[in-house]
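Q: This is a predicted model, with the sequence first.
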Amino acid sequence: MATKVLMPQLGESVTEGTISKWLVKVGDTVKKYDPLAEVTTDKVNAEVPSTVSGRVTEIVVPEGETVAVGALILYIEEGAEAGDAPAAQPEAPAAAAPAAAVQAGPQQSNQAAAKVAAPAQHAGKQRYSPAVLALSQEHGIDLSRVTGTGAGGRVTRRDVQAIIDAGGQQLSAVQPAAAEQPAPVVPASAEAQPAAASAPSAPAASAASPAVTAGTGDQIIPVTPVRRTIASRMVQSKHEAPHAWTMVEVDVTNLVNFRNQVKGEFARKEGINLTFLPFFIKAAVEALKEYPMINSTWAGDKIIVRKNINISIAVSTEDALYVPVIKDADQKSILGIAKAVDDLAARTRAGKLTMEDMTGGTFTVNNTGSFGSIQSQPIINSPQAAILSVESIVKRPVVINDMIAIRSMVNLCMSLDHRVLDGLICGRFLQSVKQKLESIGPDTKLY
């Protein structure tokens, strides 16, 4: 008997994953806990382990397709050996139905294309994965007129691909209505999307946007699963959280002098470089203890103030941005934070982050100054309530006691979720961070 293997829950708040690579093929024998596939989520890359021992009899989801947590991805016949005769194929899931149109004759292909001419029955409630959105926009497919064959009527990538292979959507069924109406006709997708606006992966405007075509000489760069999930998360944050911004200017001359004095000995003793970031994280953590509301999350009918202070930091690789988490940052010294930053950055660039490294963040400190930025408006790392960007430290003339002096200055830019936070508490929080940074000196403890 074939056992269904489902897309597992790969972290808190993760609702879907993209099969980036299958590690097995039909006929392979696997043992329980053997890796079956590499999956990309909006948190991290992970492997899906086998839940049983047996032989792979059918792979349901192709590489590159995004499916919801709990969706069927393949079948394994328990106890079967590699030399056994193939078991009867289980009934193919509904999602495979549209693909039949690809191999059908011309008449059947036209029927497959015409099938989507009428608006989908549940289009107003539909949510689309990033993969479906990207493919539909590339080929000008109106998703509100696609009948989904996935679970609960969900439109799958196969549904869209079948329409493309069949020659695209047939507009003749809707053109007469347009001809009878002299005023401009609103696209069906624009009317069918209001409920989907709250979905992180399907803002209404995206489905209604016209397809973008490449011109002669343009370079085409395929969107990777990681980039697609980053895009989805950013759209979700901007769509759901009303962003507000504030900024303070900090004199970090004493910090610069102190770090210059101790960085050489620190590197020899600890084996890592002492950067400025641990000092900023430490100041932010201490301020979060004074203003715990900053360390909170909007939860619909309530606000959850987090007890643990877990700091997310942004780490860039050649093709993506990851946000690993320093757990219990309030219990660490500057040395402890420096080691955590160095470790997370090294493992991110080596592709060795775990799901545990990527989850649980309560507040983000973003080091945009590392590439010369002096001012920014960062997007909140949902579901957190705020993010702090540390900009580049630059020497500037400033007025001190009615005299001009050259000082090392830095801007701290903060984005806040205005559902949770207001300018008053955020202003006080930033003033606390500012005071702590400007108080750094010879007596500052690193250990």
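A: Cool, got the structure. Numbering: from 1, shown residues only.

Q: start to end distance for stretch 440-447?
A: Stretch 440-447 stretches 14 Å from its first residue to its last (C-alpha to C-alpha, to the nearest Å).

Q: right, I mislabeled it, should have said stretch 299-308
A: 17 Å.

Q: before we move on, what about stretch 281-300?
A: 29 Å.

Q: Now that stretch: buried residues?
A: Buried residues in stretch 281-300, defined by neighbour count with 16 or more other C-beta atoms under 10 Å: 281-285, 287-288, 291, 293-298. (Glycine included, C-beta is placed from N, CA and C.)

Q: Mean pLDDT per element in this protein, and the minimum belongs to which helix or strand?
A: helix 188-192 (a mean of 35; mean pLDDT, DSSP states H and E).

Q: Make JSON lines out of the buried residues of stretch 281-300 and add pLDDT, distance to Ala385 and secondary structure.
A: As requested, the buried residues of stretch 281-300 are exported to JSON lines (pLDDT from 0 to 100; distance: C-beta to C-beta, whole Å; DSSP: H, G, I helix; E, B strand; the rest coil):
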{"residue": "Ile281", "pLDDT": "98", "distance to Ala385": "17", "secondary structure": "helix"}
{"residue": "Lys282", "pLDDT": "98", "distance to Ala385": "20", "secondary structure": "helix"}
{"residue": "Ala283", "pLDDT": "98", "distance to Ala385": "18", "secondary structure": "helix"}
{"residue": "Ala284", "pLDDT": "98", "distance to Ala385": "14", "secondary structure": "helix"}
{"residue": "Val285", "pLDDT": "98", "distance to Ala385": "15", "secondary structure": "helix"}
{"residue": "Ala287", "pLDDT": "98", "distance to Ala385": "14", "secondary structure": "helix"}
{"residue": "Leu288", "pLDDT": "98", "distance to Ala385": "11", "secondary structure": "helix"}
{"residue": "Tyr291", "pLDDT": "98", "distance to Ala385": "11", "secondary structure": "coil"}
{"residue": "Met293", "pLDDT": "98", "distance to Ala385": "8", "secondary structure": "helix"}
{"residue": "Ile294", "pLDDT": "98", "distance to Ala385": "7", "secondary structure": "helix"}
{"residue": "Asn295", "pLDDT": "98", "distance to Ala385": "8", "secondary structure": "coil"}
{"residue": "Ser296", "pLDDT": "97", "distance to Ala385": "5", "secondary structure": "strand"}
{"residue": "Thr297", "pLDDT": "96", "distance to Ala385": "6", "secondary structure": "strand"}
{"residue": "Trp298", "pLDDT": "94", "distance to Ala385": "7", "secondary structure": "strand"}
